[in-house]
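Undergrad: got a structure for you, letters missing:
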């Protein structure tokens with residue numbers, strides 16, 4: 001792998017890692033409540049939190065894998081969003097005052113999927 005490949009990987013995957021860190025940090029905050037006290041609003045919050053994550057994943061995948069089709073990219077974003085959502089919920093289960101729920105994983109996955117799905121509209125190359 002040449003020097004330019006490493007720069008490309010850092011350029012496109014560092015934002016994914018940085019945003020993953022932000023999600024991890026927010027999940028570490030004990031007794032965090034949503035800004036609006038409406039039933040199931042936390043699911044909307046999860047979806048909105050993972051939408052940029054899916055967008056950044058799609059951006060990284062498209063720009064570091066030369067022969068990736070749109071459907072393959074969306075499938076990978078779906079899987080990665082799901083697995084990171086699961087790991088996030090497991091992490092939250094160890095944080096005081098936080099709960100983990102499968103519905104949160106579902107909202108995370110849907111948010112990531114939407115982010116991955118809309119990325120090609122911003123990048124006409126795929």
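TA: Good, I have the coordinates. Only a predicted model underlies this, so the values are computations on that prediction, with no experimental measurement involved. Numbering: from 1, shown residues only.

Undergrad: show me where pLDDT drops low in the protein?
TA: 1-4, 125-126 (pLDDT under 70).

Undergrad: residues in contact with residue 11?
TA: Shown in contact with residue 11 (CB atoms under 8 Å, 6 or more residues apart in numbering): residue 63. For every residue, glycine as well, the C-beta is placed using N, CA and C.

Undergrad: where's it relative to residue 22, distance?
TA: 18 Å (CB to CB, to the nearest Å).

Undergrad: Residue 119 too?
TA: Residue 119 is 19 Å from residue 22, by CB to CB.

Undergrad: Going along the chain, name the helices of the protein.
TA: 3-27, 41-64, 70-92, 102-122 (DSSP state H).

Undergrad: in the first one, what counts as buried?
TA: Put plainly, it is helix 3-27. 12-13, 15-16, 19-20, 23, 27 (16 or more other CB atoms under 10 Å).

Undergrad: will you turn these into CSV that also has distance to residue 100?
TA: Listed next are those as CSV, based on distance: CB to CB, whole Å:
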residue, distance to residue 100
12, 30
13, 27
15, 26
16, 23
19, 20
20, 17
23, 14
27, 10
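
Undergrad: Go ahead and confirm residue 92 touches residue 86.
TA: No - contact criterion CB atoms under 8 Å: residue 92 and residue 86 do not qualify, at 10.8 Å.

Undergrad: So between these two, which is more surrounded?
TA: residue 92 (20 against 16; other CB atoms under 10 Å).

Undergrad: This completes my enquiry, with thanks.
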